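J.: Whatever this is, show me its structure:
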Amino acid sequence: MSTELEITKPLRKITDPSDIPRFAALVAAAFSQDALNRYLFLGRESNPEHPKIETLEFRTKYWETIVRPRFESGAILVESHDWAAIGLWFPPGVEKKPTPASTLSEGVTEYLTFFKALREEKLGARPHWHLNIISRDPKRTDKGAVSAIFEPFLAEAKANNIPVWLESTNAHAKGVYEFFGFKVVGSTRIGKGIVGSDGWAKEGGEGVETWGMIAGLDGW
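T.: Numbers count the residues shown, from 1 in each chain. A predicted model of the protein is given here:
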């Protein structure tokens with residue numbers, strides 16, 4: 001990571017591990033209606049009556065087990081506008097710690113396998129930023145909260161001619177990312193034959209469409 005990256009208000013870098021549960025709770029709330037995350041979270045038991053769907057505490061614990069090791073591995077966690085939105089960025093050269101395959105659900109395994117291969121195909125060993133998680137508090141409408149998550153990192157990437165990678169799990173988010181200059185470089189349907197496009201279990205379902213996106217791939 002460049003030492004020139006400057007994070008200033010309304011954005012704040014999260015450095016205290018005690019903030020991770022709050023970060024995870026916001027992700028859980030923001031993704032509560034996300035079709036792909038229904039499937040990744042519940043697997044073949046994904047249905048609207050599943051008790052885990054309404055249990056925010058359980059979903060928060062789930063996200064905490066994901067966020068904490070990434071924080072410990074060197075990811076940059078930020079929040080904007082006093083927790084109106086949050087982001088988790090991997091700087092160039094910093095990667096997620098691998099998760100033992102035996103602990104991954106089939107949906108997560110499919111997701112990670114596809115996007116790992118796509119990212120390697122498009123970027124190879126080229127240094128890049130990776131926006132791994134971005135979420136907005138569904139109860140907040142603060143203007144500029146999401147932009148604040150992007151701006152310093154995109155400026156840093158542009159200054160050093162480094163591309164930025166992310167994955168979009170729904171069409172609305174895809175449109176937001178396109179606004180910030182990201183372009184689709186590949187897509188797939190996760191859970192095809194297992195869930196429908198809404199993420200609920202459905203025999204022969206079409207799966208949930210998901211996109212890999214890059215900004216600055218051909219230079220800024």
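
J.: any low-confidence regions in this protein?
T.: 1-4 (pLDDT under 70).

J.: Now with 50, please.
T.: The chain contains residues with pLDDT under 50 at 1-3.

J.: Please identify the helix or strand for the residue most central in space within it.
T.: Centroid-nearest residue in the chain: Ile133, 2.9 Å away (criterion: CA atoms, centre = their mean). Here Ile133, judged by DSSP states H and E, is contained in strand 129-136.

J.: Describe which strands that strand pairs with in its sheet and in which direction.
T.: With DSSP bridges as the test, strand 129-136 is paired with strand 85-90 (antiparallel), strand 164-168 (parallel).

J.: Would you map the helices across this structure?
T.: Remark: helices assigned in the chain by DSSP state H are 20-30, 35-42, 56-72, 106-123, 145-159, 171-179.

J.: Out of the ones you listed, which one sits most buried?
T.: helix 35-42 (a mean of 24; mean count of other CB atoms under 10 Å). The way it works is simple: take the backbone N, C-alpha and C, and place the C-beta from them, glycine included.

J.: got the contact list for that helix?
T.: By CB atoms under 8 Å, 6 or more residues apart in numbering, the list of residues contacting helix 35-42 from outside reads 31, 46, 50, 52-53, 59, 62, 105, 107-108, 111, 169-170, 190-191, 194-195, 197-200, 208, 210.

J.: quick one: that helix to helix 56-72, angle?
T.: For helix 35-42 against helix 56-72, the angle by axes from the mean of the first three to the mean of the last three CA atoms, to 10 degrees is 90 degrees.

J.: and helix 35-42, how far out from the chain's middle?
T.: Relative to the centre of its chain, helix 35-42 is centred 13 Å away, using CA atoms, centre = their mean, to the nearest Å.

J.: what's the angle from it to helix 20-30?
T.: Using the same axes, to 10 degrees, helix 35-42 lies at 120 degrees relative to helix 20-30.

J.: returning to that earlier point: would you tell me which of the helices of the chain gets closest to Ala215?
T.: Across the helices of the chain, Ala215 has its closest neighbour in helix 145-159 (6.8 Å, CB to CB).

J.: Run the chain-centre distance for that closest one.
T.: 16 Å.

J.: what packs against that helix?
T.: If contacts are counted by 3 or more CB pairs under 8 Å, 6 or more residues apart in numbering; DSSP states H and E, helix 145-159 sits against strand 11-14, strand 76-80, strand 85-90, strand 129-136, strand 164-168.

J.: Now do that helix: everything it contacts.
T.: Here helix 145-159 has contacts from 2, 4-8, 10-11, 78, 80-81, 84-87, 89, 128-129, 131, 134, 136, 162-164, 176, 180-181, 215-216, 220, using CB under 8 Å, 6+ apart.

J.: if I look at Met187, how far off is Ala173?
T.: No Met there; residue 187 is Ser. As judged by CB to CB, to the nearest Å, Ser187 and Ala173 stand 13 Å apart.

J.: nope, Thr60 is what I meant
T.: With CB to CB as the criterion, Thr60 and Ala173 are 21 Å apart.

J.: hmm, back to that, I'd like the strands paired with strand 129-136 as a markdown table, with mean neighbour count appended.
T.: Converted to a markdown table, the strands paired with strand 129-136 look like this (neighbours: other CB atoms under 10 Å):
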| stretch | mean neighbour count |
| --- | --- |
| strand 85-90 | 24 |
| strand 164-168 | 24 |
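
J.: Alright, I will stop here.
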